[in-house]
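In: based on what follows, work out the 3D shape:
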Amino acid sequence: MKSAWGSDTGKVRENNEDSVMVDDERGLFLLADGMGGLRAGEVASALAVRTVHEWLVEHHLTQAAEMDIAPLLNNAALEAHKAILADAAANPEHAGMGTTLEIVTVREGWAFMSHVGDSRVYHMRERLRQVTRDHNMAGRLRAQGVAEEMINPYFRHILTQALGGVEELTPDIEIIDLRGGDILLLCSDGLNEMLDDGEIGEILRDRSDITSAVHSLIDKALAAGGVDNVSAVLVEV
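Out: Next up, the predicted model:
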C-alpha cells in the first residue's frame, strides 16, 4: 500500500482550514475541512484529526477485530465532536466552529470509513465512484430523487452534518472491498467543486504514480479557479 497527499490554500482564501493526517504504519488516513470565523476553522479541523488519531491509537485500532473497526471509527468521530464543542465553549472566539471529517483505515483487503460533512471519499477501479454521500442540502435533495439541474447550487454549502454542529451527530459508515491496483481518494470540496468526476477519474487513470497524481489534482483545481482550500489524499493498494 502506498499513499500521497497534498494541500493548498487556493487562490482566494487567506488561510488553509483543511487538515490532513496520514499514518501509513497503521493504515489510517484522515482529512477534515474546517469552517468558522477568525481562523477557527483551522482550529476545528486540526483538533478533529488530532483527537481521532490519538483516540484510535489509544484504543488499539490495529489490533481490533474487523467487526469492531467501524464502531471504533464512529466513536473516534464522536470524541472529536465533543472536543470541538468543549473548545468552542471554553474559547468564545471559537464559537460556531465546525469541520467535516473523513476517517479511512485499510485492513487486509477492506477499507473502513467514517464520514461526516461534504468532504468526499472516492474509489477508483475500472471507473471512479463516489463512496460517501454529501451531508448537505444538495445531497439530501439528490437522495430524494431531485434532478441535479433542479438543485440550487447554494444548497451545496448548507451542511446537514458537521463536527461541532448543534445537531446530533450520526456519522455514516462505509465498508468496501479492495483489490490490487485500487485507489482511494479523500478530498475536501475545494477539489470536487473545481473538477468533475470525469476529470478526477482521467487524472487517476493516466497517473505515472500517486504522488504526481496528487499534484496534478491540486494543480488542475487551482487552474480551474481555486476558490477554496484544496486537499487530497491518495491511497493505492
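
In: could you list the low-confidence segments of this protein?
Out: 37-38, 138-155 (pLDDT under 70).

In: okay, which residue is most central for it?
Out: What sits nearest the mean C-alpha location of the chain, by Cα atoms, centre = their mean, is residue 102, with 3.7 Å.

In: A strand includes that one, no?
Out: Yes: per DSSP: H, G, I helix; E, B strand; the rest coil, residue 102 lies within a strand segment.

In: please name the bridge partners of it.
Out: Residue 102 has these beta-bridge partners by DSSP bridges: residue 31, residue 115.

In: against residue 93, how distant is it?
Out: With distances taken as Cβ to Cβ, to the nearest Å, residue 102 is found 26 Å from residue 93. The C-beta positions use only the backbone N, C-alpha and C, and glycine is treated the same way.

In: equivalent analysis for residue 197, please.
Out: According to Cβ to Cβ, residue 197 and residue 93 sit 38 Å apart.

In: which residues of the chain fall in helices?
Out: 40-58, 66-90, 137-143, 189-192, 197-205, 210-223 (DSSP state H).

In: can you list those in JSON lines and add distance to residue 97?
Out: Output for the helices of the chain, formatted as JSON lines (distance: least, Cβ to Cβ, whole Å):
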{"stretch": "helix 40-58", "distance to residue 97": "4"}
{"stretch": "helix 66-90", "distance to residue 97": "6"}
{"stretch": "helix 137-143", "distance to residue 97": "20"}
{"stretch": "helix 189-192", "distance to residue 97": "17"}
{"stretch": "helix 197-205", "distance to residue 97": "29"}
{"stretch": "helix 210-223", "distance to residue 97": "24"}
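
In: tell me who's in contact with residue 104.
Out: Residue 104 makes contact with 28-30, 111-113, 121, 184, 186, 235, according to Cβ atoms under 8 Å, 6 or more residues apart in numbering.

In: so what's the residue count around residue 60?
Out: For residue 60, the number of neighbouring residues by other Cβ atoms under 10 Å comes to 10.

In: no, scratch that, I was asking about residue 179
Out: Using other Cβ under 10 Å, residue 179 has 8 other residues around it.

In: so it is in contact with residue 125, correct?
Out: Yes: counting by Cβ atoms under 8 Å, residue 179 does reach residue 125; the two are 6.9 Å apart.

In: quick check, residue 83 in contact with residue 47.
Out: Yes: using Cβ under 8 Å, residue 83 is in contact with residue 47, at 5.7 Å.

In: more neighbours: these two, which one.
Out: Neighbour totals were compared for residue 83 and residue 47, and residue 47 leads with 24 against 20 (other Cβ under 10 Å).
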